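A.B. asks: Show me how the following folds:
(2 chains)
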Amino acid sequence: DGGITQSPKYLFRKEGQNVTLSCEQNLNHDAMYWYRQDPGQGLRLIYYSQIVNDFQKGDIAEGYSVSREKKESFPLTVTSAQKNPTAFYLCASSSRDRGLDGNTEAFFGQGTRLTVV
Amino acid sequence: KNQVEQSPQSLIILEGKNCTLQCNYTVSPFSNLRWYKQDTGRGPVSLTIMTFSENTKSNGRYTATLDADTKQSSLHITASQLSDSASYICVVSSYNQGGKLIFGQGTELSVKP
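C.D. replies: Model prediction:
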């Protein structure tokens, strides 16, 4: 059963704590992404990785960290430095675009809702 | 700056009616454009994906169009159903950014009985 799996579905964090969100894919995709979604807003890119052991900051990387030690896994850590971490977090993966005829598909996990208590 | 703008922000229609959602983008160089459907509290699911050489693509009652010259796309939903109530997101990819996806803010569609 191929796909992209995020866990947990719901996560509660106390202020000052770090938490790690899991994202695993068995689609053999090179690229993986983390997005944050807030009510009434579009998805905003936190980090992305195009290859193992390499990742790039997205538009809102402050207060977050990632690792890409394996092709299948791209965990996201929400650190205590993130001032407003309550949000819906989405992980996605895709094969890399291959030029103007690129027709890559991107698949999303079902999301993790993080709440700070 | 690479941007994707969608309109309207929200839309309410009656069951059985048709509707059209709009997407304008400034992403360059353009690789492909996707439409996703996102149910509340779930991850987005792909509806269509089009490259610059395609100007229309259908998926059941969903038909997407693309005008690469004017950098506009539309998603037409025919004979709407209550289950079509969701957020519809336009996403554009630029081939020289390693497949990085640029998202619109979405159109919230509500289909009423």
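A.B. asks: Only C-alpha atoms from now on, for both contacts and neighbour counts.
C.D. replies: Noted.
A.B. asks: Residue in chain A with the shortest distance to chain B?
C.D. replies: Distances between chain A and chain B by CA to the nearest CA are smallest at A:G42, namely 3.6 Å.
A.B. asks: What confidence value was assigned to that residue?
C.D. replies: Predicted confidence (pLDDT) for A:G42: 80.
A.B. asks: isn't it right up against B:I102?
C.D. replies: No. With contact defined as CA atoms under 8 Å, A:G42 does not reach B:I102; the gap is 9.7 Å.
A.B. asks: before we move on, back to that, look up the closest residue to the residue of chain A closest to chain B, ignoring the ones flanking it.
C.D. replies: Among residues not flanking A:G42 along the chain, B:Q105 sits closest, at 3.6 Å (CA to CA, 6 or more residues apart in numbering or on different chains).
A.B. asks: same thing with B:L33?
C.D. replies: Excluding the flanking residues, the one nearest B:L33 by CA to CA, 6+ apart is B:V92, at 4.5 Å.
A.B. asks: check contacts around residue 74.
C.D. replies: I went with chain A, as the question did not name one. Contact analysis of A:F74 by CA atoms under 8 Å, 6 or more residues apart in numbering or on different chains lists A:S22, A:C23, A:E24, A:M32, A:Y33, A:V66, A:S67, A:R68.
A.B. asks: Chain B was what I was after
C.D. replies: B:S74 is in contact with B:T20, B:L21, B:Q22, B:C23, B:A64, B:T65, B:L66, counting by CA under 8 Å, 6+ apart.
A.B. asks: distance of A:P85 from A:S7?
C.D. replies: The gap separating A:P85 from A:S7 is 16 Å, by CA to CA, to the nearest Å.
A.B. asks: Number of residues surrounding the nearest residue to A:I51 once chain neighbours are set aside?
C.D. replies: Distance criterion CA to CA, 6+ apart; nearest residue to A:I51, sequence neighbours excluded, is A:D30 at 5.5 Å. By other CA atoms under 10 Å in any protein chain shown, the residues close to A:D30 number 15.
A.B. asks: dump the residue contacts of A:D30.
C.D. replies: By CA under 8 Å, 6+ apart, the residues touching A:D30 are A:S49, A:Q50, A:I51, A:V52, A:K71, A:S93, A:S94, A:S95, A:R96.
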